[in-house]
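Participant: quick one: sequence plus predicted model below, questions after.
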Protein chains: 2
Amino acid sequence: MSESPLQEVTVPLSPDAYSIFIGTDWWSGLGGKIRETLSDMSHAMLVYDSEVRSSWAEPLAEQLRGAGVRVDLVEVLSGENSKSVQRLEQIWEQMRVDRADRQSVVIAVGGGVVGDLAGFAAATFNRGVRLVQVPTTLLSQVDSSVGGKTGINLPDAKNIVGAFWQPSLVLIDTATLSTLPPRTFHSGLAEVAKYGVIADAQFFGWLEQHAEALAKADHEAVRHAIAVSCQTKADVVVADERETSGRRATLNYGHTFGHAIEATAGYWKFLHGEAVAIGMQMAAHLARALGRVDDEFVQRQHDLLLRLQLPVCWQDAEPELMLQTMQSDKKVAHGKLRFVLPTRIGHVELVGDVDEKLVINAINACKI
Amino acid sequence: MSESPLQEVTVPLSPDAYSIFIGTDWWSGLGGKIRETLSDMSHAMLVYDSEVRSSWAEPLAEQLRGAGVRVDLVEVLSGENSKSVQRLEQIWEQMRVDRADRQSVVIAVGGGVVGDLAGFAAATFNRGVRLVQVPTTLLSQVDSSVGGKTGINLPDAKNIVGAFWQPSLVLIDTATLSTLPPRTFHSGLAEVAKYGVIADAQFFGWLEQHAEALAKADHEAVRHAIAVSCQTKADVVVADERETSGRRATLNYGHTFGHAIEATAGYWKFLHGEAVAIGMQMAAHLARALGRVDDEFVQRQHDLLLRLQLPVCWQDAEPELMLQTMQSDKKVAHGKLRFVLPTRIGHVELVGDVDEKLVINAINACKI
Ligand SMILES: NC(=O)c1ccc[n+]([C@@H]2O[C@H](COP(=O)([O-])OP(=O)(O)OC[C@H]3O[C@@H](n4cnc5c(N)ncnc54)[C@H](O)[C@@H]3O)[C@@H](O)[C@H]2O)c1
Ligand SMILES: NC(=O)c1ccc[n+]([C@@H]2O[C@H](COP(=O)([O-])OP(=O)(O)OC[C@H]3O[C@@H](n4cnc5c(N)ncnc54)[C@H](O)[C@@H]3O)[C@@H](O)[C@H]2O)c1
Ligand SMILES: [Zn+2]
Ligand SMILES: [Zn+2]
């Protein structure tokens, strides 16, 4: 197979800028890239998702061993349940037994679950060891591996415990997506479409032109989509690393509705990106009702999401229940509902104090 | 009782400088100081040591409630065993139940155990909520509450998990020391003497002049000693917040020996400051053998520590065993022993590659 060009996106955060490298079929080059970037590393804790052991994690471990790095492997059972205090404690303990220190690097190979869990272990062991993210799901490649949020869940609250801890390097090989279940792949495209709506009208146009190529995971199209997505997320994160200015909140477009969909549907019904896609449509309807966008906006977003194989409606939505869920969300200040809403393709704003009736109507508009 | 003047030490760390206020019998002013500094706070998680519940924690909770702050109390059982994953998990869970959010502030009332544990919970809950340190032991007033190190122990490794998380405010009332067991109080004086040796010859001279006043916990003397100690630690921390330049390592004077004393004696035999005092004497003997200081240095430090009611020798020391412990310490690079050693009162340097025989001799010099 001929080698694809490697794309680089830089995240200029202080004190240490880091790079995201994106390519196809360059797995055999990953070990070298890691060694080159972290030249004083002598030990790797390679934390990986059980689903990617033989295809991706073990080959990377072999490369590193071949380059003289001591490698310890930590397998994390596939699934959100692994983002737990118990699993975290085991990783800490294993890092201690394996004598992880300042020359060690945690390498997370897997989706957002492994990235968040291993990232938090890296943030806190020895008060911080370096971290390399090697995301192997589309969602983690365009979202969770970039920006430095790490963390775990408590039994009744997702992502409630964590730390900001930027990686030293993010390595993406779109070849990993070939082993991903199609529904999981398509789910990641919702976040990609989200970047177009919130920040980049030109990219939205490009997505409209390449929707079918993306939906069938054409590598060239996927590489471009990942690179633009990472760049957009990086820009937002650099402007507002710790979520203090409100800018980072724009990444939550579709997510207020989306979280309420996940919570009321039960977490098994929709994948995260699927709930976000429906949530984006609800947000579009809400923006329309507030006179912020026109019908054409709603239609264009609808059509793109559909062509990316994403759901745009939910027949069983329960508007009142969803509303309650939103109001009990910790991000709601004093019970007032706040949404990220578009004004046009490529621009969103934080809108506070939205009338509950309009929220109900927006949900009903997607209950078909 | 007439009010003592309140002393302020500023820690100019970016992005947020913070203040340490030191006074005597001003407990009733603490709530107001917290409210004034963190004006948007609406909720306090007051985490306290079981030993200080009725005398210090509950009165502070009442003040805050009186000022309209929602206060939740978390009692931590006295003792190092509370710095555990299990206890941390319970605090996280309680913060969730109590709906801690961005308007919440964690207030740690107790010694280093509570400060480190509650500080780490603050660093990680919701990826970071604000923290106020209210240290109630001398050790925590001059050392652990300043500088932003927080963390917990794993069963076989102290302080191995944690985060750098600076407090928004540190409040010290020397009146809290009146309920402290005398041995615990004197133990804290070892760290005070340490600051004189590592950074401030003038302060060392002041300590020589006021050793008896300090040993009997005279408030005026103690206030001055705390203020200078905090200032010295703050200077070091500002120069090297994340332990990258080596400067922060100077705070470990006496600690390489001290940790080996604690580990080989069993943690119940010596209090931390007692082990540090003996360790400082061993380090002084080692520096003498290397021709870095003269006999007068060794004698002056010895006499000061004695007058501060601290041990300076350990009859049962096992030099070989202590040496092994030092060599297995994670801070030892490639098995080479490195020590913080004085060149004169007020100045120390990192000395690498020290001959084992001299280390054994230095331990034997204090085995009387
Ligand atoms: N840190 C952040 O900024 C951020 C942002 C968004 C989401 N997240 C978190 O990310 C998580 C979701 O991430 P995700 O969607 O990647 O989920 P995931 O990590 O659970 O991966 C999805 C599924 O794909 C499997 N898998 C992973 N790579 C594979 C591959 N190459 N081939 C075959 N199967 C593979 C996994 O075993 C899992 O079953 C959530 O926990 C969410 O909270 C974090
Ligand atoms: N974070 C840092 O930079 C740093 C620095 C040095 C030490 N430490 C940590 O600090 C801890 C030791 O701190 P410590 O010496 O304060 O121990 P501690 O917190 O265990 O307190 C010592 C004892 O005093 C009791 N106590 C506390 N305040 C009291 C009061 N006002 N009246 C009566 N009793 C009181 C406690 O219950 C305990 O029994 C260790 O865990 C150590 O690792 C941290
Ligand atoms: Zn998302
Ligand atoms: Zn100490």
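Facilitator: Here it is on my side, so go on. Ligands and ions are numbered 1, 2, ... in the order given.

Participant: CA only for contacts and neighbour counts going forward, please
Facilitator: Fine.

Participant: dihedrals phi and psi, A:Arg183?
Facilitator: The phi/psi pair for A:Arg183 (degrees, to the nearest 10) reads phi -60, psi -40.

Participant: for it, give me the pLDDT.
Facilitator: According to the prediction, A:Arg183 has pLDDT 97.

Participant: pull the contacting residues for the residue of the stretch 201-350 of chain A found nearest ligand 1.
Facilitator: Closest to ligand 1 within the stretch 201-350 of chain A is A:His272: 7.0 Å, counting by C-alpha to the nearest ligand atom. By C-alpha atoms under 8 Å, 6 or more residues apart in numbering or on different chains, the residues touching A:His272 are A:Ser187, A:Gly258, A:Glu262.

Participant: quick one: which of those residues sit in helices?
Facilitator: Using DSSP state H, the members of those that fall in helices are A:Ser187, A:Gly258, A:Glu262.

Participant: how about stretch A:293-309 as CSV, C-alpha atoms only?
Facilitator: C-alpha atoms of stretch A:293-309 as CSV (Å, rounded to 0.1, in the frame of the first residue of the first chain):
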residue,chain,number,x,y,z
VAL,A,293,-31.8,30.8,11.9
ASP,A,294,-34.0,30.1,8.9
ASP,A,295,-35.7,27.0,7.6
GLU,A,296,-32.8,26.5,5.1
PHE,A,297,-30.3,26.1,8.0
VAL,A,298,-32.5,23.4,9.7
GLN,A,299,-32.9,21.6,6.4
ARG,A,300,-29.2,21.7,5.4
GLN,A,301,-28.0,20.3,8.8
HIS,A,302,-30.8,17.7,8.7
ASP,A,303,-29.7,16.5,5.2
LEU,A,304,-26.0,16.3,6.0
LEU,A,305,-26.6,14.3,9.2
LEU,A,306,-28.8,11.9,7.4
ARG,A,307,-26.2,11.4,4.6
LEU,A,308,-23.6,10.7,7.3
GLN,A,309,-25.9,7.8,8.4
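
Participant: could you give the mean pLDDT of that stretch?
Facilitator: Regarding stretch A:293-309, the rounded mean pLDDT is 98.

Participant: please enumerate the helices of chain A.
Facilitator: A:30-37, A:58-66, A:85-97, A:112-124, A:138-139, A:182-199, A:201-215, A:219-239, A:255-265, A:272-289, A:295-307, A:319-328, A:356-365.

Participant: and those, which is most packed in?
Facilitator: Among the helices of chain A, helix A:112-124 has the highest mean neighbour count (mean count of other C-alpha atoms under 10 Å in any protein chain shown), at a mean of 29.

Participant: for ligand 2, what's the nearest residue on the stretch 1-150 of chain A?
Facilitator: A:Arg127 (11.2 Å).

Participant: just give me the neighbour total for that residue.
Facilitator: The local packing of A:Arg127 (other C-alpha atoms under 10 Å in any protein chain shown) involves 19 other residues.

Participant: and for the one 10 residues further on?
Facilitator: Here the number of neighbours of A:Thr137 (other C-alpha under 10 Å) works out to 27.

Participant: could you find the closest non-adjacent residue to it?
Facilitator: Residue nearest to A:Thr137 in three dimensions, not counting chain neighbours: A:Gly111, with 5.0 Å by C-alpha to C-alpha, 6 or more residues apart in numbering or on different chains.

Participant: hmm, A:Asp49 and that neighbour touching each other?
Facilitator: Yes - the pair A:Gly111 / A:Asp49 is scored as a contact, 7.4 Å apart, by C-alpha atoms under 8 Å.

Participant: so what touches stretch A:308-322?
Facilitator: A:186-187, A:189-190, A:211-212, A:214-215, A:257, A:260-261, A:264-265, A:274, A:277-278, A:281, A:302, A:305-306, A:360, A:363-364, A:366-368.

Participant: got the domain ranges for chain A?
Facilitator: Here the domain assignment for chain A is A:7-179, A:182-365, based on automatic domain parsing.

Participant: export these as CSV, with columns for distance to B:Val312.
Facilitator: Converted to CSV, those look like this (distance: least, C-alpha to C-alpha, whole Å):
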stretch, distance to B:Val312
domain A:7-179, 31
domain A:182-365, 48
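
Participant: ok, which of these comes nearest B:Arg35?
Facilitator: domain A:182-365 (20.3 Å; C-alpha to C-alpha).

Participant: now stretch A:41-55: buried residues?
Facilitator: A:41-53 (16 or more other C-alpha atoms under 10 Å in any protein chain shown).

Participant: quick one, what contacts the residue nearest to A:Thr137?
Facilitator: Neighbour list for A:Gly111: A:Asp49, A:Pro135, A:Thr136, A:Thr137, A:Leu139, A:Ser140 [criterion: C-alpha under 8 Å, 6+ apart].

Participant: residues contacting A:Arg70?
Facilitator: A:Ser42, A:His43, A:Ala44, A:Leu64.

Participant: ignore what I typed, I meant A:Val298.
Facilitator: Counted by C-alpha under 8 Å, 6+ apart, A:Val298 has contacts A:Gln281, A:Ala284, A:His285, A:Arg288.

Participant: isn't the third one right up against A:Ile360?
Facilitator: Which is A:His285. No - using C-alpha under 8 Å, A:His285 and A:Ile360 do not qualify as a contacting pair, with a distance of 10.5 Å.

Participant: near chain B, anything from stretch A:163-173?
Facilitator: Yes - using C-alpha under 8 Å from any C-alpha of the partner chain, we find that stretch A:163-173 touches chain B at A:Ala163, A:Phe164.

Participant: likewise stretch A:143-160?
Facilitator: Yes - judged by C-alpha under 8 Å from any C-alpha, stretch A:143-160 comes into contact with chain B through A:Gly151, A:Leu154, A:Ala157, A:Asn159, A:Ile160.

Participant: between the two ends of that stretch, what distance do you get?
Facilitator: This stretch, stretch A:143-160, spans 18 Å end to end (C-alpha to C-alpha, to the nearest Å).
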